[in-house]
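K.L.:
Quick check, what structure comes out for this input:
(3 chains)
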Amino acid sequence: MAFSNEIMAWYSRHKRDLPWRRTTNPYIIWLSEVILQQTRVEQGLPYFHRFVSQYPDVVSFASADEDEILLHWQGLGYYSRARNMHRAAKAVVQEYGGAFPTNYEELIKLKGIGEYTAAAIASFSANEARAVVDGNVFRVLSRYFGIDDPINSTKGKKRFLSLAQDLLDHQNPGWYNQSVMEFGALQCRPKNPACATCVLRLDCRAVNEGRVGNLPVKIKGKASRNRYFNYFVVKADDRLLMSKRGKGDIWENLYELPLIETSSQAAPHELAAMDEVKACFGTNAGMKLVSGPVKHVLSHQNLFAQFFEVTPSRAPDIKKMQWNYVFIKDLGTLAKPKLIYSFLKNYMVGYYT
DNA sequence: TTCCTGCTTG
DNA sequence: CAAGCAGGAA
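P.N.:
Just a heads-up that it's a prediction; the model follows:
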């Protein structure tokens, strides 16, 4: 098969020397694959090294505290990946005695491992014949074969999955899978693909039909909603009031400042007049805007955050609000969303790094 | 099964 | 403004 052989030959000449390609240890490959989900190699690399050194095996990962894992994950985003990894690691210890599975059927049962990641780990660690289909593969196949089914439609996904499985080299599934993905990352790039130097250009339908810029096709998602977050900085001596986020919303189990969400942008005096604010900080609380509104964009939400320095006129009911005073010097031990981390970093200059 | 949602960076 | 997978709700 011209396509598969060409692309594997290309890979042997152009592959990057990435650390997770030097091992067949399924645990290490799992770390790299989950970190690299929705993350670029350059951004994931330092996290990969951190996790390998902090948790050299699945047993150490499983016995760590979730807060600690989240702290190491801080800044990577999609924090459910870290929480699910913890659950998966515990399951591996419980059900497999710490021997990380290498076959697709077992892998896909673990939290945070879907079709792509199961195929990746199985093929890289044990050469199981499972084709991976990630964003790179979608792009390479849609261009080379001129397929304009949307890659995020059910029909499209099935078609690409089945095509990928047909193309798989059964002698070297792991090598083949790496080849297509690397080819997509370096040659058949989303923007500015290097068609002029491409070994597949003569047989590439997108090139021949002038459709490279139009493939792959993707259905646009729905628009984001706007949310308005009002954060309160409440200091007491060398401590700061902090809050842990709960289930069912963004940033689950991460730490932030006390928050009141409003349905629109609130001016400082409007906020101070709110019953909820009075109930928290007293009727005569001082309130001063110190930052914002800062726009913070998530995948399906636009956050507009304001930060207020508050001088309560009576002691906040921290028990009822489930808030905690945290020593400023200890703020670095709490996993925080980028938004909060960045604010504190600027605001607490000299106290906290 | 299908649809919706999660974070950050270049 | 685009890019990148999985889980859970519908």
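
K.L.:
thought residue A:8 was touching residue A:173?
P.N.:
No. Judged on C-beta atoms under 8 Å, residue A:8 makes no contact with residue A:173 at a distance of 11.0 Å. From N, CA and C alone the C-beta is placed, and that goes for glycine too.

K.L.:
These two - which one has more neighbours?
P.N.:
residue A:173 (21 against 18; other C-beta atoms under 10 Å).

K.L.:
how about residue A:252, what does it touch?
P.N.:
By C-beta atoms under 8 Å, 6 or more residues apart in numbering, the contact list for residue A:252 reads A:79, A:80, A:83, A:245, A:246.

K.L.:
how does it look with 6 Å?
P.N.:
Residues near residue A:252 by C-beta atoms under 6 Å, 6 or more residues apart in numbering: residue A:245.

K.L.:
cool, and residue A:50?
P.N.:
Counting by C-beta under 6 Å, 6+ apart, residue A:50 touches residue A:72.

K.L.:
how about the residue of the stretch 51-200 of chain A found nearest DNA strand B, secondary structure?
P.N.:
In the stretch 51-200 of chain A, no residue comes nearer to DNA strand B than residue A:77, which is 3.0 Å away by C-beta to the nearest atom of the strand. Under DSSP: H, G, I helix; E, B strand; the rest coil, residue A:77 falls in the coil class.

K.L.:
Show me the domain layout of chain A.
P.N.:
A:2-214, A:225-347 (automatic domain parsing).

K.L.:
Need the winner for burial among the ones you listed.
P.N.:
domain A:2-214 (a mean of 18; mean count of other C-beta atoms under 10 Å).

K.L.:
What segments of the stretch 101-250 of chain A are strands?
P.N.:
Secondary structure of the stretch 101-250 of chain A (DSSP state E, counting those that start in this stretch): strands at A:225-233, A:235-236, A:239-244.

K.L.:
Turn these into JSON lines, including mean pLDDT and distance to DNA strand C.
P.N.:
Output for those, formatted as JSON lines (pLDDT from 0 to 100; distance: least, C-beta to the nearest atom of the strand, whole Å):
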{"stretch": "strand A:225-233", "mean pLDDT": "89", "distance to DNA strand C": "14"}
{"stretch": "strand A:235-236", "mean pLDDT": "91", "distance to DNA strand C": "33"}
{"stretch": "strand A:239-244", "mean pLDDT": "92", "distance to DNA strand C": "19"}
